[in-house]
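Peer 1: Have a look at this fold, sequence not included:
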């Protein structure tokens, strides 16, 4: 049988997907033990037990100074900012994108402005956000909002424009007003696309979150990573990075499931 | 034939775009309950003509009157339409697709009805679905239907609003021939039952002859070989045809073979 016709099945799919991860872990363990054999005080590649001890310290023992389980308080703080920012961005994306794509006069005013807005590098205006909104939660949420909303607005506008002309005409021959077209024809068809758009923008949302936390914060996953960097605490940084990756994966997975669950017609 | 009231009066309609003329000097009177089929080469303005009747495209010159009123210059509920594709809403089930038109009129803000009103609408929609033999697929999404079933759904969705004029843009163009004749029977039944005036574009000349009561041929009277867009198309033939006549004899008289569009 030709190579292009051979497919992994059942357990094979799992096993082959796991191989790169296992290899990476192995490579790390080997490299770590080589470095530690040369210098037992090496902090760059701590061995797994050191990392395990660090995880136990931050996640399952109360902090000596504050009494918090800092791993979990960091996670909660970061997720709150991320979810608030992305949720607001999705709402703004809908509220601007749908009329931009559907109502010519609305689009004539706001479509070029949105395009210009989306060209501003969000991190470049981070100082402005800190000046205007202070160094509290608001500035961080605003950075995520300003960073992801323009993409969502343009994406939704594009999706609305992609709807077949025939559908909009048909709805009008069924007596629909502009509002009803938006509500019953456009909005439900755009929702799963919005969720896809959110999935795509979650990557940059994490970037903005960590950037904001690194610069001005007192808790959060990004804050912790940048804090312990001063002590070269790779044993904390590595599990934090793995945890952020896992959370990002969970979000993506969850949103994909949500799409398939709620919009059975979508992608069919 | 007894003279009926003219429903649609089209007078000297032109459609120009910046670099070309699509339609010129189109004039036509249509009476109530006519079934008009429209044939012609592609790109000769058939669809533009239909889109004008729909109100989606405005004529540059001339006028279109319905019952002595100027045509509403945007699509409205008095003119139903079925396109070749994309006529049904993919995010609604078969039942919801038919229900939509009823709910949009009943509830101007939410576009949804509830309780007894909804039950009443569901009943009406179900009757319509039964009429086009889709009652057993009521809970399916359009993507789960065959092409012919989707077009039947599109018909049901339009006809539940009881439009006076039905516009069809190659509605059966994508269906296989065997299925098409079933659709013809259904369409003619509905045409008689629901008191419609029909305009139907087709690229199948046999369909044009057999289905309608009147056949329009769109073509260009003048052609400039160096600048084909210089002149527009118009109605070159306006033939009374009828499903009561035998198609073959008409074909023999015309010296045209079926399917030679």
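Peer 2: That came through, no problem. Bear in mind the structure is a predicted one, so any value in this text is a computation, not a measurement.

Peer 1: Would you state the strands of chain B in chain order?
Peer 2: Counting by DSSP state E, chain B has strands at residues B:6-17, B:20-31, B:35-40, B:61-66, B:69-70, B:79-82, B:165-169, B:197-201, B:214-220, B:233-240.

Peer 1: so which of these comes closest to chain A?
Peer 2: Set against chain A and scored by CB to the nearest CB, the strands of chain B come closest in strand B:79-82, at 5.2 Å. No exception for glycine: its C-beta is placed from N, CA and C like everyone else's.

Peer 1: Is the closest one positioned near chain A?
Peer 2: Yes: contact of strand B:79-82 with chain A (CB under 8 Å from any CB of the partner chain) involves B:79-81.

Peer 1: among the strands of chain B, which is the most enclosed?
Peer 2: Ranked by mean neighbour count under mean count of other CB atoms under 10 Å in any protein chain shown, those are led by strand B:79-82, which reaches a mean of 26.

Peer 1: That one: partners in the sheet, and parallel or antiparallel?
Peer 2: Strand B:79-82 sits in its sheet next to strand B:165-169 (parallel), going by DSSP bridges.

Peer 1: quick one, the partner strand and strand B:20-31 angle?
Peer 2: Relative orientation of strand B:165-169 versus strand B:20-31 (axes from the mean of the first three to the mean of the last three CA atoms, to 10 degrees): 140 degrees.

Peer 1: rewinding a little: would a markdown table of the residues of strand B:79-82 next to chain A with pLDDT and distance to residue B:209 be doable?
Peer 2: Listed next are the residues of strand B:79-82 next to chain A as a markdown table, based on pLDDT from 0 to 100; distance: CB to CB, whole Å:
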| residue | pLDDT | distance to residue B:209 |
| --- | --- | --- |
| B:79 | 92 | 25 |
| B:80 | 93 | 24 |
| B:81 | 95 | 23 |
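
Peer 1: Would you tell me which one of the residues you listed comes nearest to residue A:61?
Peer 2: residue B:81 (69.6 Å; CB to CB).

Peer 1: Would you check that that closest one makes contact with residue B:167?
Peer 2: Yes: counting by CB atoms under 8 Å, residue B:81 does reach residue B:167; the two are 4.6 Å apart.

Peer 1: Which residues does stretch A:71-82 contact?
Peer 2: Contact with stretch A:71-82 is made by A:55, A:58-59, A:137, A:140-141, A:144, A:205-206, A:209, A:212-213, A:217, A:219-224, A:240, A:243, A:247, as judged by CB atoms under 8 Å, 6 or more residues apart in numbering or on different chains.

Peer 1: low-scoring stretches of chain A, by residue?
Peer 2: Residue ranges of chain A with pLDDT under 70: A:268.

Peer 1: so which of the strands of chain B gets nearest residue B:143?
Peer 2: Across those, closest to residue B:143 is strand B:79-82 (CB to CB), at 17.9 Å.

Peer 1: Looking at the stretch 101-250 of chain B, which residue is nearest chain A?
Peer 2: As assessed by CB to the nearest CB, chain A sits closest to residue B:101 within the stretch 101-250 of chain B, at 3.7 Å.

Peer 1: burial measure for that residue, as a count.
Peer 2: Per other CB atoms under 10 Å in any protein chain shown, the neighbour tally for residue B:101 reads 29.

Peer 1: next one: the one 3 residues further on
Peer 2: Using other CB under 10 Å, residue B:104 is surrounded by 26 other residues.

Peer 1: Relative to residue B:157, how far out is it?
Peer 2: Using CB to CB, to the nearest Å, we find residue B:104 at a distance of 11 Å from residue B:157.

Peer 1: shared neighbours of the two, anything?
Peer 2: By CB under 8 Å, 6+ apart, the residues touching both residue B:104 and residue B:157 are residue A:174.

Peer 1: Do a quick rundown of the helices in the chain.
Peer 2: Assuming you mean chain A. A:11-38, A:48-60, A:70-102, A:104-117, A:126-133, A:137-162, A:165-173, A:178-180, A:187-215, A:221-228, A:234-262 (DSSP state H).

Peer 1: meant chain B actually
Peer 2: Using DSSP H, helices in chain B cover B:46-54, B:94-106, B:115-131, B:147-159, B:177-194, B:205-211, B:247-254.

Peer 1: Those helices: lowest mean pLDDT?
Peer 2: Of all the helices of chain B, the minimum mean pLDDT falls on helix B:247-254 (a mean of 50).

Peer 1: ok, residue B:105 touching residue B:111?
Peer 2: No: assessed by CB under 8 Å, residue B:105 is found out of contact with residue B:111, at 9.5 Å.

Peer 1: Distance of residue A:88 relative to chain B?
Peer 2: Separation of residue A:88 from chain B (CB to the nearest CB, to the nearest Å): 25 Å.

Peer 1: Return the residues in contact with the residue lying closest to that residue once chain neighbours are set aside.
Peer 2: Leaving aside its sequence neighbours, residue A:88 sits nearest to residue A:145 (CB to CB, 6 or more residues apart in numbering or on different chains; 5.0 Å). Listed by CB under 8 Å, 6+ apart, the contact partners of residue A:145 are A:85, A:88-89, A:92.

Peer 1: let's see 7 Å
Peer 2: A:85, A:88-89 (CB atoms under 7 Å, 6 or more residues apart in numbering or on different chains).

Peer 1: Return the closest of these with respect to residue B:217.
Peer 2: Out of the contacts of residue A:145, the member with the shortest distance to residue B:217 (by CB to CB) is residue A:89, at 55.5 Å.

Peer 1: Go ahead and confirm the closest one touches residue A:149.
Peer 2: Yes: at 4.1 Å, residue A:89 counts as touching residue A:149 under the criterion of CB atoms under 7 Å.

Peer 1: and the stretch 1-150 of chain B, which of its residues are near chain A?
Peer 2: Proximity of the stretch 1-150 of chain B to chain A, by CB under 7 Å from any CB of the partner chain, involves residues B:54, B:56, B:74-77, B:79-81, B:83, B:86-87, B:89-91, B:100-101, B:104-105, B:108, B:111, B:141, B:143.

Peer 1: and with 8 Å instead?
Peer 2: B:54, B:56, B:74-77, B:79-81, B:83, B:85-91, B:100-101, B:103-105, B:108-112, B:141-144.

Peer 1: Narrow those to those that are buried.
Peer 2: By neighbour count, with 16 or more other CB atoms under 10 Å in any protein chain shown, the residues of the stretch 1-150 of chain B next to chain A hold B:54, B:56, B:75, B:77, B:79-81, B:83, B:85-91, B:100-101, B:103-105, B:111-112, B:141-142 as buried.

Peer 1: per-residue confidence at the closest residue in space to residue B:32 that isn't next to it in sequence?
Peer 2: In this structure, residue B:32 finds its nearest non-sequential neighbour in residue B:7, 4.8 Å apart by CB to CB, 6+ apart. Note on residue B:7: pLDDT of 83.

Peer 1: For the residue nearest to the spatial centre of chain A, which non-adjacent residue is closest in space?
Peer 2: For chain A, the residue nearest the mean C-alpha position is residue A:202 (2.2 Å; CA atoms, centre = their mean). Among residues not flanking residue A:202 along the chain, residue A:251 sits closest, at 5.5 Å (CB to CB, 6+ apart).
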